[in-house]
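> here is a sequence with its predicted model. Questions after.
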Amino acid sequence: MAPADDTPTVGAIEAGGTKFRCALGRGVEVLVSRRIATTTPAVTLAAVVDFFVEAQAAFEPARAFGIGSFGPIDVDRRSPRYGCILPTPKPGWAGVDLADPLIRRFGRPVAVDTDVNAAALAESTLGAGRGLESLAYVTVGTGIGGGLIVHGRPVHGLLHPEMGHIAVRRDPRDLSFAGTCPFHGDCLEGLASGPAIQARWSQPLDAIPADADAPAIIGGYLGQLAANLALMVSSERVVFGGGVMNSGALLPYIRTRTQGLLNGYLTPSRVRDSLDDYITAPGLGESSGLIGALLLAIRCAADQRSATAITTP
C-alpha cells in the first residue's frame, strides 16, 4: 500500500564503469541499497534485477526506475535505442540496453540519463546549486564528464554534454605526455582523469606530494574547463566531484586558473572577487549520482501518472 502522502517508491541505478549502485527509495529516502561490481553486462544486469526483486518484496513495488549511467549513452526518448550504451572503451558494453531488463521484468517505466546529468540534477535540486537556475557538474575520476542543468532540467542536444573531451592548452611542464584518451589523446580526459594521472606520475593524485607540480598542472587543465563553462553557458555555479577531487586539493588550483583565464571579464562578484562560492565541491558528497537517479525515477513516475490521468476517461 502506498504511503499516506503518496510519496512514490522508486528504483535507482547509478551505473559506473567499476560498480553499479542500486537503491529502492521512498522519494529520495533510500530504503535499501546495494553495490554490484561491473563485470559482464549479462552478469551485472542480472544482479541488478535480482536486487530489485528482493527489495520490492521487502518493501513495495517501484512505480518507476531511474538510471544515471556512464556513457556515451542514447538519452533521446524518441530513439529506438533509448537507454543503450553507445561506442565505449568499456569492453563488452557497447550496444547494451540498460532499461530493457527492468522493463521486461517489472513492466514499469524507466528514465535514463548520464551519471553526471543525474548528479547535476541532484546538486541543483538538493545540493550545492539549490536555489539557482543553472548549474554545471563535473566529475573527475576514471573519466571526466560534465552535466548541465538549466531551469531544473538536464541539457541534452545532439547527444549529451561531453565536457571531458574538450581540447585544452598544454601546460609547459607537461608537453611530453601523450595523453591517455583512445579517441583524442591529450584532450582534458586524456590529461587530467585518474588513469591519466596514474600514467603520467605512476601514482594517484592523493599519493603525490602537495608541493609537486601535479596538482597545479591538473588543476590548471580543469580550470580551463571551468572558465569555458562560465563563458559559454554562464552557469551560476560549477561543482567538481568524483574520486580525483575527493581530497579537495585541486579546488584552489582550479579557482586560480579560472580567475586568471577570465582576467576580470565577467562582472558578477562571485566570479570577479572570489571563486570560492562559484567553483565548489558537491553539497551531497558521494551521494549525488544515486540521489539524481532517484529524482529521475520520481519525475518519470509523475509523468506516467499524468499521462494515465489524461488518457483515462
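Good, I have the coordinates.
> mind giving me the domain split of this protein?
Per automatic domain parsing, the domain ranges recorded for the chain read 9-114+287-311, 128-281.
> the ones you listed into a markdown table, with extra columns for mean pLDDT, mean neighbour count and distance to residue 122?
All C-beta atoms are positioned from the backbone trio N, CA, C, and that covers glycine. Converted to a markdown table, the domains of the chain look like this (pLDDT from 0 to 100; neighbours: other C-beta atoms under 10 Å; distance: least, C-beta to C-beta, whole Å):
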| stretch | mean pLDDT | mean neighbour count | distance to residue 122 |
| --- | --- | --- | --- |
| domain 9-114+287-311 | 93 | 19 | 4 |
| domain 128-281 | 90 | 18 | 9 |
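> columns distance to residue 121 on top of those domains, output as TSV?
Formatted as TSV, those follow (distance: least, C-beta to C-beta, whole Å):
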stretch	distance to residue 121
domain 9-114+287-311	5
domain 128-281	6
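> of the ones you listed, give the one that comes closest to residue 120.
domain 128-281 (3.4 Å; C-beta to C-beta).
> can you give me the offset of that closest one from its chain's centre?
14 Å (C-alpha atoms, centre = their mean, to the nearest Å).
> quote the end-to-end distance of it.
From its first residue to its last, domain 128-281 covers 8 Å (C-alpha to C-alpha, to the nearest Å).
> likewise stretch 135-151?
9 Å.
> could you pull out the strands for this structure?
Secondary structure of the chain by DSSP state E: the strands cover 9-15, 19-26, 29-37, 65-69, 110-114, 134-140, 144-150, 153-154, 238-241, 279-280.
> mind listing what the residue nearest to the spatial centre of the chain touches?
With distances taken as C-alpha atoms, centre = their mean, the residue of the chain nearest its centroid is residue 116 (1.4 Å). Neighbour list for residue 116: 68, 137-139, 145-147, 161 [criterion: C-beta atoms under 8 Å, 6 or more residues apart in numbering].
> now do 6 Å
137, 139, 145-147 (C-beta atoms under 6 Å, 6 or more residues apart in numbering).
> in JSON lines: the strands of the chain, plus distance to residue 96.
Conversion of those to JSON lines gives the following (distance: least, C-beta to C-beta, whole Å):
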{"stretch": "strand 9-15", "distance to residue 96": "10"}
{"stretch": "strand 19-26", "distance to residue 96": "12"}
{"stretch": "strand 29-37", "distance to residue 96": "15"}
{"stretch": "strand 65-69", "distance to residue 96": "10"}
{"stretch": "strand 110-114", "distance to residue 96": "12"}
{"stretch": "strand 134-140", "distance to residue 96": "21"}
{"stretch": "strand 144-150", "distance to residue 96": "18"}
{"stretch": "strand 153-154", "distance to residue 96": "21"}
{"stretch": "strand 238-241", "distance to residue 96": "25"}
{"stretch": "strand 279-280", "distance to residue 96": "34"}
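> and of those strands, who's closest to residue 43?
Using C-beta to C-beta, the strands of the chain put strand 29-37 closest to residue 43, at 8.8 Å.
> the inter-axis angle of the closest one versus strand 9-15?
30 degrees (axes from the mean of the first three to the mean of the last three C-alpha atoms, to 10 degrees).
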